[in-house]
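> structural data only, the sequence is not supplied:
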């Protein structure tokens, strides 16, 4: 995959979240993924990067967010890392079952990431999220 940038690093500024779209577009084009995977990947990755900037790095432009892509046999693995202290994702309530949060703005990023990716896991104390997206039959081998 030498013709595809598989790593992105940028300062924690919400304006940089816009880079996610061109990154996802390049991945989708390279692997000839369908529009469903495109949408799921775009929303999941945008949520992860936004959380890394806002919550992980607390908007500190001296800290960076990185995105890395790794091809696996049957999936693409995308990691988003920040320089923050991390968090425990297990204590974040499910917004669909927590009645006092159902009408709040925000608080749905982890829910979206978990439900739109084929697998979502947190590492390094919550400062890294890895999402996997299975490759369909259209992907190149």
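Noted; the coordinates are in hand. Keep in mind that what you see is a predicted model, and the values were worked out from it rather than measured.
> who's in contact with the spatially most central residue of the chain?
In the chain, the C-alpha closest to the average C-alpha coordinate belongs to residue 45, at a distance of 2.8 Å (C-alpha atoms, centre = their mean). In this structure, residue 45 makes contact with 20, 23, 24, 67, 78, 80, 131, judged by C-beta atoms under 8 Å, 6 or more residues apart in numbering. Every residue, glycine included, has its C-beta placed from N, CA and C.
> so which of these is the most crowded?
Greatest neighbour count in the contacts of residue 45, by other C-beta atoms under 10 Å, goes to residue 80: 26 neighbours.
> thought it was touching residue 127?
No. Contact between residue 80 and residue 127 fails when scored by C-beta atoms under 8 Å: they sit 9.5 Å apart.
> for this protein, give me the ranges with low pLDDT.
Applying pLDDT under 70 to the predicted model, the residue ranges of the chain that meet it are 1-5, 98-107, 136-141.
> pull the longest helix from it.
Of all the segments assigned as helix in the chain under DSSP state H, the longest by residue count is helix 35-51.
> buried stuff in it?
Of the residues in helix 35-51, 37-38, 40-51 count as buried by neighbour count, 16 or more other C-beta atoms under 10 Å.
> closest one of these to residue 73?
Using C-beta to C-beta, residue 37 comes nearest to residue 73 of the buried residues of helix 35-51, at 16.4 Å.
> hang on, the earlier thing: and the longest helix of the chain, how far out from the chain middle?
If you compare the mean C-alpha spot of helix 35-51 with that of the full chain, they lie 6 Å apart, counting by C-alpha atoms, centre = their mean, to the nearest Å.
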